[in-house]
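# how does the following fold in three dimensions:
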Amino acid sequence: MLSYIIYVGLSLALILGLLKKSVDLNVIKRDATREAVLVSILNSLAGPGQFLSYITFVGTSSIFTRLGKEYKISRLLSKDVYGRDRLQIVAVGLLPGAIGSICMILYMIGLRDTATKLLLLPLAMIATSNADTWASEIGVLYKGKPRLILKPNIKVEPGTSGAVSPLGIVASLGGAATIACVSALTTRLTEYVLCDPSYSMQMIFMIVLISGFVGEVTDSILGYALQEKRRCRICGTICEHDYHCGEPTEYLWGIRNIKGEHINMMAQAVSAITCLLLTSLLV
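Residues are numbered from 1 along each chain as shown. Down below sits the predicted model:
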């Protein structure tokens with residue numbers, strides 16, 4: 001318990017320092033600081049394994065968001081280069097942080113078996129968010145036009161939800177694998193995983209990788225099916241913009257007001273369910 005209290009104190013100090021730097025570097029918007037503090041604290045309370053995975057997600061995502069910054073700005077491909085807002089921060093970090101904190105509470109009150117079964121769920125959710133961010137921020141740099149995941153014969157504008165490209169697929173696998181690797185290496189720092197020796201590093205890596213990538217594929221499918229799609233009346237391009245080629249676009253399908261952040265949370269839920277199933281089968 002004493003070591004955990006010391007760890008929490010050190011992690012909170014690190015959080016405050018990193019958040020100040022994040023605001024200065026436009027990683028997060030200034031009015032989203034409160035949400036960023038809440039989400040960071042929850043992921044910190046979950047233990048060092050999850051906290052380091054979350055920090056890896058935030059750090060790598062911030063780097064790739066700025067990759068090709070001028071190109072993205074010129075083509076309106078990424079609003080995140082100006083900093084992530086409240087909804088984005090809550091969407092990617094709240095559920096993993098809450099579940100991870102609950103796991104720690106369960107462990108501390110003696111429900112170690114239950115805590116162990118839930119241990120990898122938030123890590124899989126973080127892997128999904130990382131895979132999605134890498135796919136989005138790196139995938140838009142693909143020189144060709146991406147294709148809709150369920151209608152690969154249709155090409156769409158870069159940045160359209162539900163669209164995939166070879167570069168984006170590779171990036172999403174890399175994003176999920178990175179969190180899976182960090183999770184496998186650092187989860188042993190979290191004391192309660194030691195109560196179940198069947199959690200090998202290789203098993204942690206595979207479960208988090210598969211669950212994270214399944215969540216990312218789900219994100220693309222739901223993005224295709226649920227987010228609003230429109231078509232340019234001039235060139236016929238399918239996009240999500242109200243205007244294209246200087247003219248209003250026409251509505252095709254999807255639900256209005258469904259944002260990418262809502263899709264992200266749904267995808268995280270799917271990755272958590274996948275993780276739970278894999279854990280039940282393999283552990």
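# which stretches of this protein aren't confidently modelled?
For the chain, the stretches with pLDDT under 70 are 1-27, 68-83, 188-198, 283.
# so where do the strands sit in the stretch 101-250 of the chain?
For the stretch 101-250 of the chain, the strands defined by DSSP state E, counting those that start in this stretch cover 147-148, 151-155, 163-164, 229-231, 238-239, 243-244, 247-248, 250-253.
# show me what the third one is packed up against.
Using 3 or more Cβ pairs under 8 Å, 6 or more residues apart in numbering; DSSP states H and E as the contact criterion, the secondary-structure elements in contact with strand 163-164 are strand 147-148, helix 201-226. Backbone N, C-alpha and C define where each C-beta goes, glycine included.
# mind redoing it with 7 Å?
When contacts are defined as 3 or more Cβ pairs under 7 Å, 6 or more residues apart in numbering; DSSP states H and E, strand 163-164 packs onto strand 147-148.
# repeat that for the longest one.
Secondary structure elements in contact with strand 151-155, counted by 3+ Cβ pairs under 7 Å, 6+ apart, are strand 147-148.
# each with direction, which strands does the strand it packs on pair with?
Strand pairing for strand 147-148, using DSSP bridges, gives strand 151-155 (antiparallel), strand 163-164 (antiparallel).
# could I get the first one in CSV with only the CA atoms?
Extracted in CSV, the C-alpha atoms of strand 151-155 (Å, rounded to 0.1, in the frame of the first residue of the first chain):
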residue,chain,number,x,y,z
LYS,A,151,-17.7,-0.9,-50.2
PRO,A,152,-14.1,-1.1,-51.3
ASN,A,153,-15.1,-0.3,-54.9
ILE,A,154,-16.0,3.3,-53.8
LYS,A,155,-13.2,5.8,-53.3
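# for Ala184, give me its contacts.
Each residue near Ala184 by Cβ atoms under 7 Å, 6 or more residues apart in numbering is listed here: 201, 204-205.
# before we move on, the earlier item: nearest to Arg34, out of the strands paired with strand 147-148?
strand 163-164 (33.4 Å; Cβ to Cβ).
# contacts for the closest one next, please.
With Cβ under 7 Å, 6+ apart, strand 163-164 has contacts from 146-149, 156, 220.
# ok, now with 8 Å
135, 139, 146-149, 156-157, 220, 224 (Cβ atoms under 8 Å, 6 or more residues apart in numbering).
# top of those by number of neighbours, please.
Greatest neighbour count in the contacts of strand 163-164, by other Cβ atoms under 10 Å, goes to Ala135: 27 neighbours.
# which non-adjacent residue is nearest that residue?
Counting by Cβ to Cβ, 6 or more residues apart in numbering, Ser172 is the residue found nearest to Ala135 once chain neighbours are left out, at 3.8 Å.
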